[in-house]
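Participant: sequence unknown, structure follows:
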């Protein structure tokens, strides 16, 4: 088989695609972000409402993406959709943001999380290899994080079947583990009064802040303040539910993509939404919502002040006791490794599509003997490893989350634009509930973005700056092609 063959092989079925959607979504967020959300909103009912809204808009987005996926069943997914609706500049800005921050930053963050939890089993990983100045520390943890990215990239260069197998195994493992946590958590928790106590004043919202001197300030929320706090903290659950769109990047390798991509988007997002809501119900059944920082027991810390925000580990400790640290560490290692497998598999296909359009390194258009875009995968790997070493991925992801939401809005708005521009185009699947469901997603997400602009102006502004930096890069690339 020729090294420069440029046609991808369709070998992934509906189960594989659904596994990629669910596996890419479930990382470490579900085990951590609920603590921060509890401090921001202080109400069991509002907490579940936020997770429910997150699930509903994610499923609504997936149902709307299905129409675009059916129209354009090619590698590159969202990049292709944006280009067809808005042109090359906007699609480049999307690809630029995905490459510089969104995809590679998430890969780096998840790899570091994997290494952090591996250190629970192997404490030697906490040892420092060297430091530079006062801010840069290079430890064995970073070595493991980088090695995991390289290993998964290598596996994915061996063919889509290799990547598919890893993805399916790890997604299945973490789904089983999460269901076990939910079932056991509810079984144990419902034998206590914790859940009923959490819902005794379930709509009483408050914001809890730990001051520098260790004291705690609790501010009651009412009216628009509740909506503002909910709109600001929903970024945590949205980030935990992100990456569902990655399956569209590998459309060129999915069998019957016009049917299987829309189905996998719906099934994958629905499965994860149900799991996330049930996991939070399990947390509320096991741990008090309110808590005290640095308390003597895990129960007294509550959900709000779970150690290092590891609410999943705190919940597990109420089920299995002291070994919960190792149980949750193992679960999160499985979860993050499987998540990164899916992100690495799909990300390379987006950059392959960009390269075919002349908007990425030309060599990224080449497929290796296994018919995968190996060079695109290795470029992605190198930049993700750089972000791992720099330690700046966390900040970059915070800045880019707002930009990511904007591109989701633009993409779903593209459903309306293409209905008008190309009314006779082949649409084997039409967006469910059109125009109401896509419009609802746009309205809700725009409201969230406006809330973020008000409550988190600095980070959202920097996110827009990252996108804007792509404009001179685009014109530089275009000028070189002349």
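Facilitator: Yep, that arrived. Since this is a predicted model, take the numbers as computed values, not measurements.
Participant: going forward, measure contacts and count neighbours with C-alpha atoms only.
Facilitator: OK.
Participant: helix or strand for residue 208, which one?
Facilitator: Assigned by DSSP states H and E, residue 208 belongs to strand 206-210.
Participant: list the buried ones in that strand?
Facilitator: For strand 206-210, burial by neighbour count (16 or more other CA atoms under 10 Å) applies to 206-208.
Participant: just stretch 140-147 next, same as before
Facilitator: Neighbour counts over stretch 140-147 (16+ other CA under 10 Å) mark 140-146 as buried.
Participant: between these, which is nearest residue 60?
Facilitator: Of all the buried residues of stretch 140-147, residue 145 has the smallest distance to residue 60: 34.0 Å, by CA to CA.
Participant: wait, that closest one sits on residue 117?
Facilitator: No. Look at residue 145 against residue 117 with CA atoms under 8 Å: they stay out of range, at 10.8 Å.
Participant: on that earlier part again, TSV for the buried residues of strand 206-210, including pLDDT and distance to residue 321?
Facilitator: Below are the buried residues of strand 206-210 laid out as TSV (pLDDT from 0 to 100; distance: CA to CA, whole Å):
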residue	pLDDT	distance to residue 321
206	93	30
207	93	30
208	91	28
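Participant: How about the contacts made by residue 206?
Facilitator: Residues counted as contacts of residue 206 (CA atoms under 8 Å, 6 or more residues apart in numbering) are 39-43, 218-221.
Participant: Just the ones in strands from these, please.
Facilitator: Assigned to strands by DSSP state E, the following of the contacts of residue 206 qualify: 218-220.
Participant: per-residue confidence averaged over the helix ranked longest in the chain?
Facilitator: Determined from DSSP state H, the single longest helix within the chain is helix 324-356. Mean pLDDT, computed over helix 324-356, is 87.
Participant: which secondary structure elements does that helix contact?
Facilitator: Applying 3 or more CA pairs under 8 Å, 6 or more residues apart in numbering; DSSP states H and E, we find helix 324-356 packed against helix 14-25, helix 78-86, helix 88-97, helix 103-121, helix 140-157, helix 160-189, helix 311-320, helix 374-390.
Participant: for the record, mean pLDDT for the last one?
Facilitator: Over the span of helix 374-390, the pLDDT mean works out to 91.
Participant: chain center to it, what's the gap?
Facilitator: The gap between where helix 374-390 is centred and where its chain is centred comes out at 18 Å by CA atoms, centre = their mean, to the nearest Å.
Participant: tilt between the helix or strand following it and helix 78-86?
Facilitator: For helix 374-390, the following helix or strand on the C-terminal side (DSSP H and E) is helix 393-421. If you take axes from the mean of the first three to the mean of the last three CA atoms, to 10 degrees, helix 393-421 sits at 40 degrees to helix 78-86.
Participant: Between helix 374-390 and helix 393-421, find me the angle.
Facilitator: 140 degrees.
Participant: Past helix 393-421, which element shows up next along the chain?
Facilitator: Assigned by DSSP H and E, the successor of helix 393-421 is helix 436-455.
Participant: any idea which of the contacts of residue 206 has the most stuff around it?
Facilitator: In terms of neighbour count, residue 41 stands highest of those at 29 neighbours, by other CA atoms under 10 Å.
Participant: Do I have it right that it meets residue 230?
Facilitator: Yes. Contact criterion CA under 8 Å: residue 41 and residue 230 qualify, at 6.6 Å.
Participant: Show me the residue at the heart of this protein, geometrically.
Facilitator: Using CA atoms, centre = their mean, the residue of the chain that lies closest to the mean C-alpha position is residue 242, 3.3 Å off.
Participant: who touches the nearest residue to that one once chain neighbours are set aside in this structure?
Facilitator: Nearest in space to residue 242, with sequence neighbours left out and distances taken as CA to CA, 6 or more residues apart in numbering, is residue 25 at 5.6 Å. Contact analysis of residue 25 by CA under 8 Å, 6+ apart lists 240-244, 272, 339.
Participant: Also residue 343?
Facilitator: Counting by CA under 8 Å, 6+ apart, residue 343 touches 24, 103, 107, 243, 246.
Participant: from memory the fourth one sits against residue 20, does it?
Facilitator: No. The pair residue 243 and residue 20 does not pass the contact test of CA under 8 Å, sitting 9.5 Å apart.
Participant: Between these two, which has more neighbouring residues?
Facilitator: Applying other CA under 10 Å to residue 243 and residue 20 shows that residue 20 carries more neighbours, namely 31 against 24.
Participant: Distance check, that one against residue 168.
Facilitator: Going from residue 20 to residue 168 by CA to CA, to the nearest Å gives 8 Å.
Participant: Check residue 341 too.
Facilitator: Relative to residue 168, residue 341 is positioned 10 Å away (CA to CA).
Participant: Among these two, which residue is more densely surrounded?
Facilitator: Using other CA under 10 Å as the criterion, residue 341 and residue 168 rank with residue 341 on top: 28 against 20.
Participant: Please name the residues that touch the more buried one.
Facilitator: Residue 341 sits next to 24, 152-153, 163, 166-167 when contact means CA under 8 Å, 6+ apart.
Participant: so can I have a markdown table of these showing distance to residue 349 and pLDDT?
Facilitator: Below are those laid out as a markdown table (distance: CA to CA, whole Å; pLDDT from 0 to 100):
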| residue | distance to residue 349 | pLDDT |
| --- | --- | --- |
| 24 | 15 | 85 |
| 152 | 15 | 94 |
| 153 | 12 | 95 |
| 163 | 13 | 77 |
| 166 | 17 | 84 |
| 167 | 16 | 81 |
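Participant: Could you save those residues as CSV and add columns showing distance to residue 403 and neighbour count?
Facilitator: As requested, those are arranged in CSV below (distance: CA to CA, whole Å; neighbours: other CA atoms under 10 Å):
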residue, distance to residue 403, neighbour count
24, 19, 31
152, 27, 23
153, 26, 22
163, 29, 21
166, 30, 17
167, 27, 27
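Participant: ok, which pair from those is furthest apart?
Facilitator: Maximum pairwise distance among the contacts of residue 341 (CA to CA): 15.2 Å, between 24 and 153.
Participant: okay, now the closest residue to residue 272 other than its chain neighbours: neighbour count?
Facilitator: Leaving out its chain neighbours, the residue that sits closest to residue 272 by CA to CA, 6+ apart is residue 22, at 6.1 Å. As a burial measure, residue 22 scores 29 neighbours (other CA under 10 Å).
Participant: next one: residue 425
Facilitator: Residue 425, neighbours per other CA under 10 Å, totals 10.
Participant: sorry, back to before: and the helices and strands packed on helix 324-356: which comes nearest residue 471?
Facilitator: Smallest distance to residue 471 across the helices and strands packed on helix 324-356 (CA to CA): 7.0 Å, for helix 88-97.
Participant: Remind me what that closest one packs against, helices and strands.
Facilitator: helix 78-86, helix 324-356, helix 457-481.
Participant: pLDDT-wise, which helix or strand of this structure ranks last?
Facilitator: With mean pLDDT, DSSP states H and E as the measure, the helix or strand of the chain carrying the lowest mean pLDDT is strand 136-139 (a mean of 76).
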